[in-house]
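# pasting the sequence and the predicted coordinates here, then a few questions.
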Amino acid sequence: MMKKHKKAVAVITVLMLLAFCLTGCGNGGADNKDADNKDTQQGAVTNLAFASGGTSGTYYPVAGAIAQVWENNVEGVSVSVQSTGASAENLNLLNQGDAEIAIVQNDVMYYANTATEGFANAEPNEGFLTLGTVYPEVCQLVVDASAGIETVADLKGKAVSIGAAGSGVESNAKQILAAAGLSMEDIKVQNLDFAESANAIKDKAIVAAFITAGAPTTAVTELAATNDIKVLSLDDAIIESLCADYSYYTPYTITADVYGAAEDTQTVAVKATIVVKADLDEELVYNLTKGLFENLDAVAAAHAKGNEMSLEGAVQGVSVPLHPGAAKYFEEQGLSAE
């Protein structure tokens, strides 16, 4: 009888252990399922690399402000901002698949897309499309006020800085001079960067310098504090010619208060532009476009350049076609690329 009792206890014990194990396995499966769900939810987040510029420049903090707006207003995206060498490098990063989004000058992206100017020896880069233009980078012709330069044509025979060799500024200078009927052979060319140009004007080594940057530009502001200079207005005919011949130019007014001038300066600007990989999902790009241009106040709160951004301005100066997702959003707002 005792043996039967012991056997019964042993059987019950085994059954209890088996039930415990099965229950434990079942709970483990539930835990794994929860973990899988979390992984699935995490997997739904789209990670985007945003190529910008140097940390001391404008592109990097502007991209940071835009990235934050996207993360706060577009569901399921995580945006990491990359510090880069700016426009040309950014386009290469997109082409290589190392970034999905970038901020670039619209003239530089046009050159890359068409294999012209500084990209003449490369294949056309067709791997990116436009999300929208954001703020102007102004073409400024800074002249020594004592040199008697009143028009672009007056530069003939004079020493003029046209920016660093191979730069976007150099291309802008060539095009502005050509619109005024001048060529590189008509001036004494100096290839100087912004700081070098300012010093050369200060030393009377040159009479003028082309500078393309957001206004006010530090180099120009500092020069104006110590020297009598002016930013030359372009003739209406030159502005109209540039805007007609090149899709990336837009008319621009530098108001008198920017540099303490006696009157406003009329010129042209290229546009800092957000571009995306051409194969980026259409719905995603639609949501990014909507998320940005319906929350520009948040961008402005984070960076002053946000005050220069607008929905209407986003389709001006588009030099490479809009991504279908961006085009869809702008069309809903009654806008199309200009």
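Cool, got the structure.

# C-terminal to the strand ranked longest in the chain, what's the next element?
Longest strand in the chain, counting residues (DSSP state E): strand 128-144. As assigned by DSSP states H and E, the chain's next helix or strand after strand 128-144 is strand 159-161.

# list the contacts of the following helix or strand past that next one.
Once strand 159-161 ends, the next helix or strand along the chain (criterion: DSSP H and E) is helix 168-179. Counting contacts by C-beta atoms under 8 Å, 6 or more residues apart in numbering, the residues outside helix 168-179 that touch it are 87, 105, 107-108, 111, 117-118, 139, 141, 152, 155, 160, 162-164, 183-184, 186-187, 191, 210-212, 234, 237-238, 241-242, 245-246, 268, 270. C-beta: built from backbone N, CA, C; applies to glycine.

# rerun at 6 Å
Applying C-beta atoms under 6 Å, 6 or more residues apart in numbering, the contact partners of helix 168-179 are Gln105, Asp107, Val108, Glu117, Cys139, Ile162, Gly163, Phe210, Thr212, Ile238, Ser241, Leu242.

# mind listing what's buried in stretch 263-279?
By 16 or more other C-beta atoms under 10 Å, the buried positions in stretch 263-279 come out as 265-277.

# now the residue nearest to the spatial centre of the chain: closest residue in space that isn't a chain neighbour?
The structure's the chain has its C-alpha centroid closest to Ile103; by C-alpha atoms, centre = their mean the separation is 1.8 Å. Nearest residue to Ile103 in three dimensions, chain neighbours excluded: Tyr59, at 5.0 Å (C-beta to C-beta, 6 or more residues apart in numbering).

# and the contacts of stretch 329-337?
Counting by C-beta under 6 Å, 6+ apart, the neighbours of stretch 329-337 from elsewhere in the structure are Tyr286, Thr289, Lys290, Val315, Val318, Leu322.

# state the pair within these that is farthest apart.
Of all pairs drawn from these, the greatest distance, 17.4 Å, lies between Lys290 and Val318 (C-beta to C-beta).

# from Leu182, how far out is the closest residue to Gly148 other than its chain neighbours?
Leaving aside its sequence neighbours, Gly148 sits nearest to Asp154 (C-beta to C-beta, 6+ apart; 7.0 Å). Between Asp154 and Leu182 the distance is 10 Å, computed by C-beta to C-beta, to the nearest Å.

# over to Val138?
Counting by C-beta to C-beta, the gap from Val138 to Leu182 is 21 Å.

# so which of these two has more stuff around it?
Taking neighbours as other C-beta atoms under 10 Å, Val138 and Leu182 compare with Val138 leading, 22 against 18.

# quick check: beta-bridge partners of the more buried one?
According to DSSP bridges, the residues that bridge with Val138 are Ala213, Ala269.

# for Val285, which residues are in contact?
So Val285 contacts Val276, His323, Gly325, Ala326 (C-beta under 6 Å, 6+ apart).

# for the chain, which spans come out with low pLDDT?
With pLDDT under 70 as the threshold, the chain has low-confidence stretches at 1-43.

# strands along that one, start to end?
Remark: strands assigned in the chain by DSSP E are 46-51, 77-82, 101-105, 128-144, 159-161, 188-190, 208-213, 229-231, 250-254, 265-277.

# each with direction, which strands does the third one pair with?
Which is strand 101-105. For strand 101-105, pairing defined by DSSP bridges yields strand 46-51 (parallel), strand 265-277 (antiparallel).

# before we move on, what about the fifth one?
Sheet neighbours of strand 159-161, with direction, are listed as strand 188-190 (parallel), strand 208-213 (parallel) (DSSP bridges).

# which other residues reach it?
Contacts with strand 159-161, where a contact means C-beta under 6 Å, 6+ apart, come from Ile187, Lys188, Gln190, Leu192, Ser197, Ile206, Ala208, Ala209.

# how does it look with 7 Å?
By C-beta atoms under 7 Å, 6 or more residues apart in numbering, the residues outside strand 159-161 that reach it are 187-190, 192, 197, 200, 205-210.

# so how far is Gly76 from Thr46?
According to C-beta to C-beta, Thr46 stands 6 Å off from Gly76.

# more crowded one of those two?
Thr46 (17 against 11).

# pretty sure the more buried one is touching Leu284, no?
Yes - shown here, Thr46 and Leu284 form a contact pair, counting by C-beta atoms under 7 Å, at 6.5 Å.

# which ones are touching Asn90?
For Asn90, the contact set (C-beta under 7 Å, 6+ apart) comprises Ala51, Thr84, Ala99, Ala102, Ile103, Val104.

# and the first one, what are its bridge partners?
For Ala51, the beta-bridge assignment (DSSP bridges) gives partners Gln82, Ala102.

# what's near enough to touch it?
Taking C-beta under 7 Å, 6+ apart as the test, what Ala51 contacts is Gln82, Thr84, Asn90, Leu93, Ala99, Ala102.

# same check, this time on the second one
Listed by C-beta under 7 Å, 6+ apart, the contact partners of Thr84 are Ala51, Ser52, Gly53, Asn90, Leu93.

# likewise the third one?
Taking C-beta under 7 Å, 6+ apart as the definition of contact, the neighbours of Ala99 are Ala49, Phe50, Ala51, Gln82, Asn90, Leu93.
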